[in-house]
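Engineer: sequence and predicted structure, then a few things I'm wondering about:
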Amino acid sequence: MKKLSKSEHLKIFSYMLKIRRFEERSAQLYGMGHIGGFCHLYIGQEAVVVGVLMTIHKNDSVVTTYRDHGHMIARGLDPKKIMAELTGRADGYSAGKGGSMHMFSKENNFYGGHGIVGAQVPIGTGIAFTHKYNGDKNICRTYIGDGAMNNGQVFEAFNLAALWELPVLYIIENNKYGMGTSVDRAAAGSDLYKRGEAFGIKGEIVDGMNVYSVIKAADKAGEYVRSGKGPYILEVQTYRYRGHSMSDPAKYRTKDELEEYKNSDPIEIVRAEILKKKFATESELEKISKEIIEEVKAAADFALQSKFPSSEELYTDVYI
Amino acid sequence: MPALSPTMTEGNLTKWLVQEGQVVKAGDVIAEIETDKATMEVEAVDEGTVEKLLYKEGDNNIPVNKPIALISEEQVNHSDTSENKKNTTLKKVNQKTTEPSITIKKDEKEEVNLSKDQITMRQAIRDTIAEEMRKDKKVFILGEEVAEYQGAYKVTQGLLEEFGKKRVIDTPISEQGFTGLAVGAAFKGLTPIVEFMTFNFSMQAIDQIINSAAKTLYMSGGQINCPIVFRGPNGAAAQVAAQHSQDFSSWYSHVPGLKVVAPSTPLNAKGLLREAIRDPNPVIFLENEILYGLKGEVSADDNFTIPFGKANVAKEGKDTTIVTYSIMLHKSLEAAKILKNEFDLNVEVIDLQSLRPIDKETILKSVKKTNRLVTVEESWPFASVGSEVVNIVQQQAFDYLDSPIIKVNSADVPMPYSSELEKLYLPQVEDIVKAVKEVNYI
């Protein structure tokens, strides 16, 4: 893998910070009643999706879970339209019919946003099947939460992917808790990356708090998959700072545990690296930071000014 | 002729492996029989000498239970030679009679150029899949035993040979996995045909069908459609009991985002399946195992389609409307004959063909003419497709009804195994006759 350039470092920093600021703003809008239903924040996990983003090809596909806001931003989608969707507006990516958990962008090869734990895994495997069927050399990155790793269809998908050598990279975002149940209370044998072994799928564990580790592993794994060798599993160890969803007080873990992760905050690691390499000064990073705050604020303003879907929209998009 | 599958009513003798005069032991393979599902070896059940082969190789359509050979007991150690003739017939089996061929009035017939030959429902489905696969490389089929085995019910016979393993794909017994995979492939632009060996197994995959296939177009604000066909036999076969006999027509018809069709003849099987494969939405295509051997004319046009939401008036009449679909069309037509001959009642029989969307117009038009309605279907009675028909009629033709509507359904119990109980469970011609008499106060 080639060395990351100055601009790539700044891109990583910007994307990670944008996700965090976006999610903080989402929490605020939720508190104000502008966002409803379930809302799962990505704060703390930014290095995972941004690290993978750095290795993605334009026509590769992505499919993920309901914790998807950060994934949308990392795929280069417009924060305005994401926030409009979260607030249930007509300008949202799903015209206000999907909400936080169900967002898609076909033109950006982003296939959701799935609300059923584990369901996206066979779907992502099927998207990979299509890449192979079409012979287009693209791959599908399929994200999986640690909670889904105990769901039967995940293993059915692993079996099919290995059997048919499909170009799918499974990325387990292990944030330690499936809702309130810790991995060691849910998984017999908690090395999730080994769960493809029975199918001959190689896997490895990655430090998901460090974006540079993620990039290195995702690059290697992505090229392995792209070369036609079949699926690969990355278990990315990460941590969500917030509860499972907005209504979760996260009493199942200690404040000390949370503080410990915050002390090795993924964005701070990038900031330190940029300063160390003298790719930017403190004040230049501060300027980027301010621009991101403005961009996110503009997204929120756009969303709140956007119209709610018209009543006719209730009956559209059921069939084409 | 031994019964070698639950629905087999006749078999073809493809090969003799013994000759007259040959001594055979119990367990020796004596012949190869082609059933409605596969070619099987038949073993002798008794020791003895093959006295006579009653059919020759290549004889077709030999009814189940008909002797195919005589085996006389060996003289050795047997003093009683008076009753020494036995045949290889195995146990008596439940026999469902399917009409060998049908001639049903077709609305479509007026515009349809019909083929000269009659073909089976099985072949009609197979041919349509093949025709569409030839036209569109995005179409492929996957499921259990669809490729090398040639289909558990021989529906996919010859497809592997013609299209290769890239497009005719055997899956492991992994319904949720391969259904989800096919849904993902459809999201990405392919047109999968998912064969469920039977729809009973679709319950393993129902989350992917409903939560993923049916809802994603809506959830994505119209961005991501799911052009996919889920097909396979639905409902009762013969004596396969509770877990393998369920009718899913109302389950799937309940779901916005799905289209649901149930063919009753080779003609509408072709028209509806082609429409299903070409439809950009997910379609549930409910076949019926008992009907696979049913022969009939089909359209000679390999672009012939039947639009969804269009029922077929299979028989015109003025006295009572029967609304039905799938296999119950045939029982309803039989009942109509009896009602005409014995009670001079002229029944109109509507074959829904498409359950969602449903053809309200044809139903209402008929009820407004006959003023009496009986619904006939194989599914359980509670919240069935018939229940929806009743609702449509009470709401939009209430004043036209001269008697309460009667629904004829299966018994509201799990399907029993015993053939006698199974007969009681399923709607029979007599039940339909009785219901029509009742709405006519006879």
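Structural biologist: Looks like it arrived, so ask away. Residues are numbered from 1 along each chain as shown, chains lettered A, B, ... in the order given.

Engineer: any stretches of the chain with poor pLDDT?
Structural biologist: No chain was given, so I picked chain A. Across chain A, the ranges flagged by pLDDT under 70 are A:1.

Engineer: my question was about chain B, not that one.
Structural biologist: Judged by pLDDT under 70, the stretches of chain B that qualify are B:74-111.

Engineer: so the residue nearest to the spatial centre of chain A: helix, strand or coil?
Structural biologist: Centroid-nearest residue in chain A: residue A:71, 3.7 Å away (criterion: C-alpha atoms, centre = their mean). Under DSSP: H, G, I helix; E, B strand; the rest coil, residue A:71 falls in the helix class.

Engineer: list the contacts for the nearest residue to it once chain neighbours are set aside?
Structural biologist: The shortest distance from residue A:71 to any non-neighbouring residue, by C-beta to C-beta, 6 or more residues apart in numbering or on different chains, is to residue A:64 (4.7 Å). C-betas here are computed from N, CA, C, even on glycine. Neighbouring residues of residue A:64 by C-beta atoms under 8 Å, 6 or more residues apart in numbering or on different chains: A:71, A:112, A:113, A:114, A:120, A:142, A:143.

Engineer: how about the residues of chain B near chain A?
Structural biologist: Residues of chain B found near chain A (C-beta under 8 Å from any C-beta of the partner chain) are B:140, B:166, B:171-172, B:174, B:176-190, B:207-208, B:211-212, B:216-225, B:256-257, B:259, B:280-281.

Engineer: quickly run through the sheet partners of whichever strand or helix holds residue A:235, with directions.
Structural biologist: Per DSSP states H and E: residue A:235 is located in strand A:232-237. If you go by DSSP bridges, strand A:232-237 pairs up with strand A:168-174 (parallel), strand A:202-207 (parallel).

Engineer: so residue B:185 is in which element?
Structural biologist: helix B:175-187.

Engineer: mind giving me the PyMOL command for buried ones among the residues of chain B next to chain A?
Structural biologist: Per 16 or more other C-beta atoms under 10 Å in any protein chain shown, the buried members of the residues of chain B next to chain A correspond to this PyMOL selection:
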select buried, chain B and resi 140+171+174+176+177+178+179+180+181+182+183+184+185+186+187+188+190+207+208+211+212+216+217+218+219+220+221+222+223+224+225+257+259+281
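
Engineer: contacting residues for residue B:193?
Structural biologist: Applying C-beta under 8 Å, 6+ apart, we find residue B:193 in contact with B:129, B:139, B:140, B:141, B:142, B:228, B:229, B:231, B:277.

Engineer: next, it: secondary structure please.
Structural biologist: Per three-state DSSP, residue B:193 ends up strand.

Engineer: and it, how far from chain A?
Structural biologist: Going from residue B:193 to chain A by C-beta to the nearest C-beta, to the nearest Å gives 14 Å.

Engineer: then residue B:39?
Structural biologist: The spacing between residue B:39 and chain A, counted by C-beta to the nearest C-beta, is 28 Å.

Engineer: tell me the residues of the stretch 151-300 of chain A that contact chain B?
Structural biologist: Near chain B, the residues belonging to the stretch 151-300 of chain A are A:152, A:153, A:156, A:157, A:159, A:160, A:163 when assessed by C-beta under 8 Å from any C-beta.

Engineer: just the buried ones from those, in PyMOL syntax?
Structural biologist: The PyMOL command for the buried members of these (criterion: 16+ other C-beta under 10 Å) is given here:
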select buried, chain A and resi 153+156+157+159+160
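
Engineer: make TSV out of the residues of the stretch 151-300 of chain A next to chain B and add distance to residue B:326.
Structural biologist: As requested, these are arranged in TSV below (distance: C-beta to C-beta, whole Å):
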residue	distance to residue B:326
A:152	32
A:153	30
A:156	30
A:157	33
A:159	34
A:160	32
A:163	35
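
Engineer: from the residues of the stretch 151-300 of chain A next to chain B, pick the one nearest chain B.
Structural biologist: Taking C-beta to the nearest C-beta as the measure, chain B lies nearest residue A:156 of these, at 2.6 Å.

Engineer: quick check: the residue nearest to residue A:114 when sequence neighbours are not counted vs residue A:94, distance?
Structural biologist: Excluding the flanking residues, the one nearest residue A:114 by C-beta to C-beta, 6+ apart is residue A:120, at 4.0 Å. Distance, residue A:120 to residue A:94, using C-beta to C-beta, to the nearest Å: 16 Å.

Engineer: who's more crowded, those two?
Structural biologist: Using other C-beta atoms under 10 Å in any protein chain shown as the criterion, residue A:120 and residue A:94 rank with residue A:120 on top: 31 against 27.

Engineer: can you list which of the contacts of residue B:193 are found in helices?
Structural biologist: Among the contacts of residue B:193, the ones falling in helices (DSSP state H) are B:129, B:277.

Engineer: of the contacts of residue B:193, which is the nearest to chain A?
Structural biologist: Closest approach to chain A among the contacts of residue B:193 (C-beta to the nearest C-beta): residue B:140, at 7.4 Å.

Engineer: surely that closest one touches residue B:133?
Structural biologist: Yes. Between residue B:140 and residue B:133 there is a contact under C-beta atoms under 8 Å: 7.3 Å.

Engineer: quick check: neighbours shared by those two?
Structural biologist: In the contact map built from C-beta under 8 Å, 6+ apart, the residues linked to both residue B:140 and residue B:133 are B:163, B:167.

Engineer: all strands of the stretch 51-200 of chain B, in order?
Structural biologist: Secondary structure of the stretch 51-200 of chain B (DSSP state E, counting those that start in this stretch): strands at B:62-63, B:69-72, B:85-87, B:114-120, B:139-143, B:168-170, B:191-195.

Engineer: pull the residues that contact the longest one.
Structural biologist: Contacts of strand B:114-120 from elsewhere in the structure, counted by C-beta under 8 Å, 6+ apart, are B:101, B:127, B:266-267, B:292-300.

Engineer: can you count the residues close to residue A:269?
Structural biologist: Residue A:269 is flanked by 18 other residues according to other C-beta under 10 Å.

Engineer: just checking, it touches residue A:210?
Structural biologist: Yes. At 5.7 Å, residue A:269 counts as touching residue A:210 under the criterion of C-beta under 8 Å.

Engineer: going along the chain, name the strands of the stretch 51-200 of chain A.
Structural biologist: A:61-64, A:110-113, A:140-145, A:168-174, A:177-178, A:181-182.

Engineer: ranges for the helices of chain B?
Structural biologist: Remark: helices assigned in chain B by DSSP H are B:121-135, B:159-163, B:175-187, B:206-207, B:216-219, B:249-253, B:266-278, B:328-343, B:360-370, B:385-396, B:419-425, B:429-439.

Engineer: ok, which of the ones you listed comes nearest residue A:307?
Structural biologist: The closest of the helices of chain B to residue A:307 is helix B:216-219. By C-beta to C-beta, the value is 18.9 Å.

Engineer: elements contacting the closest one?
Structural biologist: strand A:110-113 (3 or more C-beta pairs under 8 Å, 6 or more residues apart in numbering or on different chains; DSSP states H and E).

Engineer: ok, and what's touching the strand it packs on?
Structural biologist: Residues contacting strand A:110-113 (C-beta under 8 Å, 6+ apart): A:61-64, A:66, A:68, A:71-72, A:75, A:77, A:98, A:101-104, A:120, A:123-124, A:127, B:184, B:187-188, B:216, B:219-220, B:224.

Engineer: report the distance from that strand to the chain centre.
Structural biologist: Here the centre of strand A:110-113 is set off from its chain's centre by 10 Å, with C-alpha atoms, centre = their mean, to the nearest Å.

Engineer: cool, stretch B:155-173 as well?
Structural biologist: Chain-centre distance of stretch B:155-173: 21 Å, with C-alpha atoms, centre = their mean.
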